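S.K.: no sequence on this one, just coordinates:
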């Protein structure tokens, strides 16, 4: 007989009770958090790949901001970076490669809980090595990498979700879940590294990072032991509630962060004289550094009406967006406008990674219906592509089971085991 799903805590009836039940019984926004996971990891992955030829000069031993200068600054601001553990070129290359691998694994949702922590460590390490190389997009990635660690962002559109769906299907047939070997090995290796880093005082001078890393490491062990020995007990329910609360709180913080970014940017623009007279857009379009397409920039800058309209529209949209959250239709319209604005910034001003980071942040407000539709379309396109490839190579493609998984092979909205292993 399949194991019964653990019953969540029951709260008093009424609006307050239903609200508490909702935020404790489930991790809200599974599709939005998945888009954030994919968007930000893809942004940083592409950024690191683009900078591969220049990595040594930007963040490595050949940087003008030398290791001794970075060490002196970090001693004052207590920032965290594993690149301060050694000044050797081999150590830098290993950290750079590990960050690339962690970004890719988090993007596809493989061992997301572990890889999201490694992604956060990699982002903090590389950015804090040379703080003078960042811009607004890097700051957003910096913050979101920390928030992602607290979210259950692999509920859908991830390899972890597929693994959870397969295990749920095995339990439904009365079989034991597939044995997990990778999880305990990763947990043991990373635990040893964490112990050494703590003893050697290599976790920076902030109070929260060591506590967060130790809490995540011990929490992974608690998940594994509970899922193995007491899947239906009260301890499992408690851990599930804590994970849901952390996820929902992080999602609220991400939303507030996006609103704060737009509100502060809009109100600061209002105070600028160039934004007030409608000419602010003209000046970056005339800077060689921000004109990858000079003909296109000159075409737009040559229209005074267009420059004024875009300048005022930018300010209006940024100031108004936080207030439109109370009206779903207006909010969706402004989301489209802001994403189009960032796409224009990527093309006209040559800032693709900043635009990708902001579009990924905007995605937290996208409607679930649209994301489900988009996921279905992407899944259908993938199936057609694989069918064409299979027909050309003559290989027969056997469809996998879809009964226990949702559209696109994703896990149920609230899977039995949540896709958790020792570090998964």
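M.R.: Cool, got the structure. What you see is a predicted model; the values in this text were computed from it and never measured. Numbering: from 1, shown residues only.
S.K.: tell me the mean pLDDT over the longest helix along the chain?
M.R.: For the chain, the longest helix by residue count, based on DSSP state H, is helix 234-270. Mean pLDDT, computed over helix 234-270, is 93.
S.K.: hmm, who's touching stretch 115-135?
M.R.: When contacts are taken as C-beta atoms under 8 Å, 6 or more residues apart in numbering, the neighbours of stretch 115-135 outside the stretch itself are 37, 41, 44, 48, 58-59, 63, 65, 70, 73-74, 79-84, 95-96, 98-99, 102-103, 105-106, 138, 141-142, 145-146, 148-149, 153, 190, 213, 216, 351, 354. All C-beta atoms are positioned from the backbone trio N, CA, C, and that covers glycine.
S.K.: so which bits of that stretch are buried?
M.R.: Counting neighbours by 16 or more other C-beta atoms under 10 Å, one finds that the buried residues in stretch 115-135 are 115-130.
S.K.: the closest residue to residue 23 other than its chain neighbours - how many residues pack around it?
M.R.: With sequence-adjacent residues excluded and distances taken as C-beta to C-beta, 6 or more residues apart in numbering, residue 23 is closest to residue 248, at 4.9 Å. Around residue 248 there are 21 other residues, counting by other C-beta atoms under 10 Å.
S.K.: what's the answer for the one 4 residues further on, then?
M.R.: Other residues near residue 252 come to 14 when the count uses other C-beta under 10 Å.
S.K.: before we move on, back to that, give me the buried entries from the contacts of stretch 115-135.
M.R.: Burial by neighbour count, 16+ other C-beta under 10 Å: within those this picks out 37, 41, 44, 48, 58-59, 63, 70, 74, 79-84, 95-96, 98-99, 102-103, 105-106, 138, 141-142, 145-146, 148-149, 153, 190, 213, 216, 351, 354.
S.K.: and the pLDDT at residue 73?
M.R.: As summarised for this prediction, residue 73 has a pLDDT of 92.
S.K.: what distance do you get for residue 180 to residue 291?
M.R.: When C-beta to C-beta, to the nearest Å is applied, the distance between residue 180 and residue 291 equals 52 Å.
S.K.: please read the previous query as pertaining to residue 268.
M.R.: In this structure, residue 268 and residue 291 are separated by 24 Å, where distance is defined by C-beta to C-beta.
S.K.: which one of those two has more residues nearby?
M.R.: When residue 268 and residue 291 are compared for neighbours, residue 291 comes out ahead with 18 against 12, by other C-beta under 10 Å.
S.K.: regarding the closest residue in space to residue 196 that isn't next to it in sequence, what is its secondary structure?
M.R.: Once its chain neighbours are removed from consideration, residue 196 has its nearest residue in residue 202; the separation is 7.8 Å (C-beta to C-beta, 6+ apart). Under the three-state scheme (DSSP: H, G, I helix; E, B strand; the rest coil), the conformation of residue 202 reads as coil.
S.K.: do residue 27 as well
M.R.: The three-state label given to residue 27 by three-state DSSP is coil.
S.K.: now do the helix or strand of the chain with the lowest mean pLDDT against helix 234-270, angle only.
M.R.: Evaluated with mean pLDDT, DSSP states H and E, the helix-and-strand set of the chain has its lowest mean pLDDT in helix 15-25, which scores a mean of 80. Angle of helix 15-25 versus helix 234-270, following axes from the mean of the first three to the mean of the last three C-alpha atoms, to 10 degrees, is 100 degrees.
S.K.: immediately after helix 15-25, which helix or strand?
M.R.: Beyond helix 15-25 on the C-terminal side, the first helix or strand identified by DSSP states H and E is helix 30-50.
S.K.: packing partners for that next one?
M.R.: Contacting helix 30-50 under the criterion 3 or more C-beta pairs under 8 Å, 6 or more residues apart in numbering; DSSP states H and E are the following elements: helix 89-108, helix 112-129, helix 136-149, helix 234-270, helix 352-362, helix 368-393.
S.K.: most tightly packed of the ones you listed?
M.R.: helix 112-129 (a mean of 25; mean count of other C-beta atoms under 10 Å).
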